[in-house]
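Novice: Build me a model from this:
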Amino acid sequence: MGEDTWLAERFEQQRPQLRAVAYRMLGSLSEAEDAVQETWLRLARTDTAGVDNLAAWLTTVVARVCLNTLRARAARREDPLDVRLPDPVVDVAEPDADPARAAVLADSVGLALLVVLDTLAPAERLAFVLHDMFGVPFEEIGALVDRSPAAARQLASRARRRVRGQAPAPDPDLTRQREAVDAFLAAAREGDFDGLVAVLHPDVVLRSDGGTARARHSTVLTGARVVAAQATTFGRFSPFARPVLVNGAAGVLVSAAGRPLSVMAFTVTDGRIAAIDVIADPERLAALDLDH
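Specialist: A predicted model of the protein is given here:
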């Protein structure tokens, strides 16, 4: 086997891990794929004779590519929208008893968490993602951001406090998640305001991203009674809603005449809905693979 073939095979073995790092760093499926491709190009240009741990080296490279993307994004301030949700990973098939599939879902990262990660400074996000999600040592993280290991630890600590304060921890039981979502949809369909309030966490947050085409659908609402008042309008869409998985958690796809109208992701904590993230942007919905 030639050196190029061996490197290509080793890279393909690491591709899922690299994609996972990039998606958590960027919250964009297309940018994550671009970062992985750039990592491959850098690998192809590198003499790997001195690389002892190729997997760790590739993780470092994709993280550096993502860090540069985040810094460029921050410098451009390109997104004028008040609400811009990360890209969802939508699976229209409900999970079964397949252990391998269950393991994949267990490693999913919810949209509510990605929303909080989007508020972090690039170096904080890198430190948190690499250390807390992938176990990369602070010595390596510090080298990436030109900081000492102790400073890298502080970056991750600040990010962790932000995440714990703003991103609710979802129930691991998907059945329990689905029960809460079904109760929410039933109450919305029946116009049951009290039923909606009962299934919503008192501090629930609803974020809706309609993009430029549906700017009036872009909003952020907080509090159970405020969200319940808005949710009663969802009732007319209930005949067009079907259960899906959004980033491994209970979600809903609303479509009519074969055209997706919205994807709704729910974060369920202790049996109540703590966050609802809605993507109603036609352009982004069209780009999602919603036919499988």
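
Novice: Please make it C-alpha for all contacts and neighbour counts, starting now.
Specialist: OK.

Novice: any weak-confidence spans in the stretch 1-150 of the chain?
Specialist: 1-3, 77-82, 93-108 (pLDDT under 70).

Novice: Please enumerate the helices of it.
Specialist: Ranges of helices in the stretch 1-150 of the chain, per DSSP state H, counting those that start in this stretch, are 3-26, 29-44, 54-76, 99-106, 111-117, 122-128, 134, 138-144, 149-166.

Novice: what's the most buried one of the ones you listed?
Specialist: helix 122-128 (a mean of 26; mean count of other CA atoms under 10 Å).

Novice: Mind listing residues that contact the following helix or strand past that helix?
Specialist: Of the helices and strands lying after helix 122-128 in sequence (DSSP states H and E), the nearest is helix 134. Residues from elsewhere that reach helix 134 (CA atoms under 8 Å, 6 or more residues apart in numbering): Val21.

Novice: and Val181, what element?
Specialist: Per DSSP H and E: helix 174-190 holds Val181.

Novice: Can I get the helices of the stretch 1-150 of the chain in TSV including distance to Ile273?
Specialist: Conversion of these to TSV gives the following (distance: least, CA to CA, whole Å):
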stretch	distance to Ile273
helix 3-26	23
helix 29-44	26
helix 54-76	30
helix 99-106	19
helix 111-117	12
helix 122-128	25
helix 134	28
helix 138-144	35
helix 149-166	14
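
Novice: Ok, which of those comes nearest Ala180?
Specialist: Closest to Ala180 of these, according to CA to CA: helix 111-117, at 16.7 Å.

Novice: Name the surrounding residues that touch the closest one.
Specialist: Residues from elsewhere that reach helix 111-117, judged by CA under 8 Å, 6+ apart: 24-25, 27, 85-86, 88, 125, 162-163, 166-168, 247, 265, 267, 275, 277.

Novice: if we can go back for a sec, relative to the whole chain's centre, how far out is the helix holding Val181?
Specialist: 22 Å (CA atoms, centre = their mean, to the nearest Å).

Novice: Let me know the average pLDDT across stretch 186-201.
Specialist: Per-residue pLDDT over stretch 186-201 has a mean of 94.

Novice: buried sites along that stretch?
Specialist: Going by neighbour count (16 or more other CA atoms under 10 Å), the buried part of stretch 186-201 is 186-189, 191-193, 195-201.

Novice: that older thread, I would like the residues contacting the helix holding Val181, please.
Specialist: 171, 193, 195-196, 199-200, 231-236, 238, 249-251, 266-268, 271-273.

Novice: Go through it and flag the buried ones.
Specialist: Across helix 174-190, burial judged by 16+ other CA under 10 Å covers 174, 176-189.

Novice: quick revisit: let's have the buried residues of stretch 186-201 in a markdown table, adding distance to Gly258.
Specialist: Below are the buried residues of stretch 186-201 laid out as a markdown table (distance: CA to CA, whole Å):
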| residue | distance to Gly258 |
| --- | --- |
| Ala186 | 23 |
| Ala187 | 25 |
| Ala188 | 23 |
| Arg189 | 21 |
| Gly191 | 26 |
| Asp192 | 29 |
| Phe193 | 30 |
| Gly195 | 31 |
| Leu196 | 28 |
| Val197 | 32 |
| Ala198 | 33 |
| Val199 | 30 |
| Leu200 | 30 |
| His201 | 33 |
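
Novice: which of these lies closest to Ser255?
Specialist: Distances from Ser255 to the buried residues of stretch 186-201, taken by CA to CA, are shortest for Arg189, at 16.0 Å.

Novice: For the closest one, give its distance to Arg76.
Specialist: Distance of Arg189 to Arg76, computed by CA to CA, to the nearest Å: 42 Å.

Novice: How about Ala275?
Specialist: Counting by CA to CA - Ala275 and Arg76 are separated by 29 Å.

Novice: now Ala215
Specialist: Distance from Ala215 to Arg76, by CA to CA: 21 Å.

Novice: Val227 is in contact with Leu206, isn't it?
Specialist: Yes - with contact defined as CA atoms under 8 Å, Val227 reaches Leu206; the gap is 6.7 Å.
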